[in-house]
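**Student:** Make a model of this:
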Amino acid sequence: MKLIKRKKPWVDLQYDGPCIPKDYSEAGVENGAKLEEHLVGNEDLTRVFHATKDMDLSASMAWLEKHHEEFGESTFIVNTDDGNALDTLKGHHPRLIINKMGLTRIRHLNTFLNKANETMVDGGYLLCHSRTSGLKRAIILRSHPGVFGKMIYFCHYLWHRVFARMKWTRWFYMWVTKGKNRCYSRVELLGRMYRAGFEVVDERFHKGEFFILGQKFRKPIWDDDPSYGALVKLNRVGYKGNMIGVYKFRTMYPYSEYLQPYILEHEGLQKGGKFAHDYRVNHWGRLLRSTWVDELPMFINVLKGQMKLVGVRPLSRQYFGLYTEEMQKLHISVKPGLLPPFYYDKKTPETIEDVQASEKRYIEAYHKKPFATDWRYFWGTVGNIVFKHKRSH
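**Tutor:** Model (predicted):
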């Protein structure tokens, strides 16, 4: 067993002690992955979970420091804020990496997660922890009740959530913080894990800290460009199966697009064929979706000739894979549209089968009479939106 320590300490300005809500949790955690439901054949991992289940973060880290020499040769405990430090593990074939450093303190977090994946064997585990943005909010408001606490949180939000992500202020934020003591939502942390090729097999809030256990199931992604801005470009299946970048105003937390398999597995689908209890949608996103404002940037795709006003929804690869083989072929035989067929139907579809049936009726009619079909569907959809208040959710 090998212990990697960080080279320089980093002071995380955060509240501790009684200010931490010990029973804190967030939407989706209860239905999320749990170690008890997952077959784990790693003895060291099982021992860590059993030994530290009643400890807080400080006690857990002290226990690891005391017992690290008792673990097997394929278990590695790291305590570094440098993602490149994991290069020293190459050739050792780790089966378990435990990261003592909070994820918010790592400057190049994606590099750290990706290199953790590349150093370990298939099926290896990565155990890490962090304080989420929601938990930090709860700590601040609990530490400073009333208006003063809200003012402090507003400054915290402005600095860590706005300045840190806007292109013209991000450089200053990174210069001051050196990229450490960041602020990530739970959704973003889970999404980064999946992007790095880890399936989340356990997540939980425990005594004021968020713990994530990931298991390597594929290679990490290095060559994409996750977006942080208000305007996002999402990869979707377009005409003839070609991938297109669909523009929308952000309604979800960053890295949400990587979390679709996890949401599908643990939350399933709701009426209308969309993901149930989709906690990836943030507060502002729910407002934008209720007013259709989030859809407006898709007119860029219409002007580029990739979409049209009326047509089937442009789907992610994950959701497209839920369609039958027949419907996949039909779906890519027409350009996707801004207004989907099921907003034209009198009855809103309740299942993914209903959505496919709605699209099939539209596509078959469109192939016979393209202009007449789109004209009829356009005005029927507008009528349903204006008079029957159908909305995007």
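
**Student:** Point out where the stretch 101-250 of the chain drops to low pLDDT.
**Tutor:** Along the stretch 101-250 of the chain, segments meeting pLDDT under 70 are nowhere present.

**Student:** 80 instead, please
**Tutor:** 167, 179-180, 225-229 (pLDDT under 80).

**Student:** Would you map the strands across it?
**Tutor:** Assigned by DSSP state E, counting those that start in this stretch, the strands in the stretch 101-250 of the chain fall at 125-130, 198-205, 210-216, 231-237, 243-249.

**Student:** Throw those into CSV and include distance to H277 and mean neighbour count, thanks.
**Tutor:** To be clear about C-beta, it is placed using only N, CA and C from the backbone, and glycine gets the same treatment. CSV is the format used below for the strands of the stretch 101-250 of the chain (distance: least, Cβ to Cβ, whole Å; neighbours: other Cβ atoms under 10 Å):
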stretch, distance to H277, mean neighbour count
strand 125-130, 22, 23
strand 198-205, 15, 21
strand 210-216, 19, 24
strand 231-237, 21, 18
strand 243-249, 21, 18
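
**Student:** Please, where are all the helices along the stretch 251-393 of the chain?
**Tutor:** 260-267, 283-290, 299-303, 317-320, 325-331, 352-368, 370-387 (DSSP state H, counting those that start in this stretch).

**Student:** Out of the ones you listed, which gets the lowest mean score?
**Tutor:** Mean pLDDT is lowest for helix 283-290 among these, at a mean of 83.

**Student:** mind listing what's buried in that one?
**Tutor:** 285, 288-289 (16 or more other Cβ atoms under 10 Å).

**Student:** Using CSV, list the CA coordinates for it.
**Tutor:** Presented in CSV, the C-alpha positions along helix 283-290 are these (Å, rounded to 0.1, in the frame of the first residue of the first chain):
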residue,chain,number,x,y,z
HIS,A,283,-34.3,26.5,-9.8
TRP,A,284,-33.8,28.9,-12.7
GLY,A,285,-34.1,26.1,-15.2
ARG,A,286,-37.6,25.2,-14.0
LEU,A,287,-38.7,28.8,-14.5
LEU,A,288,-37.1,28.9,-18.0
ARG,A,289,-38.7,25.6,-19.0
SER,A,290,-42.2,26.7,-17.9
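
**Student:** any idea of the angle it forms with strand 243-249?
**Tutor:** With axes from the mean of the first three to the mean of the last three Cα atoms, to 10 degrees defining the directions, helix 283-290 sits at 100 degrees from strand 243-249.

**Student:** Work out for me the element the closest residue to V40 other than its chain neighbours sits within.
**Tutor:** Spatial nearest neighbour of V40, excluding adjacent residues (Cβ to Cβ, 6 or more residues apart in numbering): T46 at 6.0 Å. In this structure, T46 is located in helix 43-52 according to DSSP states H and E.

**Student:** would you list the helices of the stretch 251-393 of the chain in CSV and tack on distance to A62?
**Tutor:** Output for the helices of the stretch 251-393 of the chain, formatted as CSV (distance: least, Cβ to Cβ, whole Å):
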stretch, distance to A62
helix 260-267, 32
helix 283-290, 38
helix 299-303, 54
helix 317-320, 41
helix 325-331, 54
helix 352-368, 49
helix 370-387, 59
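
**Student:** Those helices: which one's closest to L127?
**Tutor:** Closest of these to L127 is helix 260-267, at 17.4 Å (criterion: Cβ to Cβ).

**Student:** Name the residues that touch the closest one?
**Tutor:** Applying Cβ atoms under 8 Å, 6 or more residues apart in numbering, the set of residues contacting helix 260-267 from outside is 28, 31-33, 190, 194, 199-200, 275-278, 280, 316, 318-319.

**Student:** Just the buried subset of those residues, please.
**Tutor:** Of the contacts of helix 260-267, these count as buried by 16+ other Cβ under 10 Å: 28, 32-33, 190, 194, 199-200, 275, 278, 280, 316, 319.

**Student:** hang on, the earlier thing: so what's the residue count around the residue nearest to V40?
**Tutor:** T46: 12 surrounding residues under other Cβ atoms under 10 Å.

**Student:** Distance check, it against T75.
**Tutor:** Plainly put, T46 is 12 Å away from T75 if you go by Cβ to Cβ, to the nearest Å.
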